[in-house]
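Enquirer: Sequence first, predicted model second:
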Amino acid sequence: MQKIAIGTTGLSVTPLGFGTSALGDMPDTYGYGVSEQTARETLQCIFEGPVNLIDTSRNYGFGRSEARIGAALRERGGLPEGFVLSTKLDRDMETGRFDGDRARRSVEESLEALGIDRFQILHLHDPEHARDLDEVRARDGAITALMRMQEEGLVTATGLAMGRLDIMTALLAEFPFDIALTHNRYTLLNRSAEALLAQAAQAGCTVFNAAPYAGGVLAKGSTEMPRITYQAADTAALAPVVAVESLCASAGVAPGAVALQFSMRAPRIASTIIGVSRPERVQQTLEWAQAEVPDTLWEALSDLPAEKTDPEANRTYKPG
């Protein structure tokens with residue numbers, strides 16, 4: 001795959017990346033669990049493929065995602081050459097504390113779990129869920145600590161990965177992040193990230209777009225997985241998904257392929273991050289990325305209305 005440079009950081013990523021939150025075994029979020037063996041097999045499949053970006057977080061599965069990736073890396077003898085590992089600084093999950101000291105502790109936990117000595121990409125994660133946003137952005141807060149880590153050479157590229165778009169755009173205007181990682185907000189169903197994409201492009205900030213399947217429903221189907229953005233969805237809420245499925249069925253194309261390519265073909269998005277939970281999904285993603293999608297289908301889909309409001313505004317956040 002052709003790689004895209006992340007600003008002047010020296011890092012380059014493929015237009016497709018794999019997310020590993022589900023590999024941390026998070027049934028409260030996804031509605032199903034993932035065993036350690038399945039996670040191991042999935043990670044090996046990722047490392048042996050053409051994609052060079054893998055994304056995780058300190059708090060996915062209360063640390064299980066990083067721990068499983070670390071075990072897989074030790075088994076392989078380290079990160080494959082040319083691979084880019086992305087993880088995240090996280091608040092204290094019990095107290096919500098997210099100051100500079102907590103950021104340093106999160107780093108220590110990640111380094112130990114992953115078995116690495118420095119970070120290629122390190123994102124500030126979900127500051128909107130911290131106990132005090134002012135604490136996060138203060139002089140002795142998590143953001144300043146992250147920027148200092150980059151100055152010290154511990155971090156190559158800094159990122160901001162979060163939900164609340166109003167807070168995200170404000171923080172991007174205030175601090176020089178290299179990457180903005182949004183999720184569920186630029187999909188076939190939702191375009192609430194439009195202003196963020198424009199802001200990032202103007203600032204020279206690279207954009208990663210995660211969760212183009214709206215939490216999985218566009219990949220697995222409205223019947224098999226009646227959930228949108230990790231929340232149970234009724235018939236009315238699923239109607240836009242059914243409309244997409246109907247158009248894709250008429251064209252003979254899998255909705256997952258269209259949802260994936262919708263993000264990958266957006267010029268302001270450098271890499272689209274897909275969560276996978278078993279080896280077969282890795283191969284399926286690669287096939288969907290290359291599937292033939294007729295222009296007539298893109299035209300028909302463009303006529304469907306898309307939500308502009310935050311898809312996670314009423315989400316019950318569960319880290320497990």
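Expert: That came through fine.
Enquirer: Please make it C-alpha for all contacts and neighbour counts, starting now.
Expert: Noted.
Enquirer: Find the centremost residue of this protein, please.
Expert: Residue closest to the average C-alpha location in the chain (CA atoms, centre = their mean): residue 210, at 3.7 Å.
Enquirer: looking at this structure, which helix or strand is least sure?
Expert: Lowest mean confidence among the helices and strands of the chain (mean pLDDT, DSSP states H and E): helix 27-30, at a mean of 84.
Enquirer: what's in contact with whichever helix or strand comes after that helix?
Expert: As assigned by DSSP states H and E, the chain's next helix or strand after helix 27-30 is helix 36-47. Helix 36-47 is contacted from outside by 18, 23, 24, 68, 69, 72, 80, 276, 277, 278, 279, 282, using CA atoms under 8 Å, 6 or more residues apart in numbering.
Enquirer: So the fifth one versus residue 57, what's the distance?
Expert: Same thing as residue 69. Residue 69 is 11 Å from residue 57, where distance means CA to CA, to the nearest Å.
Enquirer: Going along the chain, name the strands of the stretch 201-320 of the chain.
Expert: 206-210, 227-228, 231-232, 271-275 (DSSP state E, counting those that start in this stretch).
Enquirer: Out of those, flag the one nearest residue 156.
Expert: strand 206-210 (13.8 Å; CA to CA).
Enquirer: elements contacting the closest one?
Expert: Applying 3 or more CA pairs under 8 Å, 6 or more residues apart in numbering; DSSP states H and E, we find strand 206-210 packed against strand 179-183, helix 194-203, strand 271-275.
Enquirer: what mean pLDDT does the last one have?
Expert: On average, the pLDDT along strand 271-275 is 97.
Enquirer: swap in the longest one?
Expert: Taken as a whole, helix 194-203 has an average pLDDT of 97.
Enquirer: and if you look at stretch 49-65?
Expert: Throughout stretch 49-65, pLDDT has a mean value of 96.
Enquirer: Just the CA trace of that stretch, in CSV.
Expert: Extracted C-alpha coordinates of stretch 49-65, given in CSV (Å, rounded to 0.1, in the frame of the first residue of the first chain):
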residue,chain,number,x,y,z
GLY,A,49,-0.2,-8.2,6.1
PRO,A,50,0.3,-5.1,4.1
VAL,A,51,-1.1,-2.6,6.6
ASN,A,52,1.5,-0.8,8.7
LEU,A,53,-0.7,1.0,11.3
ILE,A,54,-2.1,-0.6,14.5
ASP,A,55,-3.9,1.5,17.1
THR,A,56,-4.6,0.7,20.7
SER,A,57,-5.1,2.5,24.1
ARG,A,58,-4.1,2.2,27.7
ASN,A,59,-7.7,1.8,28.8
TYR,A,60,-9.0,-0.6,26.1
GLY,A,61,-10.3,-3.5,28.1
PHE,A,62,-8.7,-2.0,31.2
GLY,A,63,-5.2,-2.6,29.8
ARG,A,64,-5.9,-6.0,28.1
SER,A,65,-5.5,-4.6,24.5
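Enquirer: thinking again about what came up before, of all the strands of the stretch 201-320 of the chain, which one is nearest residue 33?
Expert: Among the strands of the stretch 201-320 of the chain, strand 271-275 comes nearest to residue 33, with 13.6 Å by CA to CA.
Enquirer: Other residues contacting stretch 92-103?
Expert: By CA under 8 Å, 6+ apart, the list of residues contacting stretch 92-103 reads 59, 89-91, 127, 129-132, 135-136, 138, 140-146.
Enquirer: out of those, which are inside helices?
Expert: Applying DSSP state H to the contacts of stretch 92-103, the entries found in helices are 135, 136, 142, 143, 144, 145, 146.
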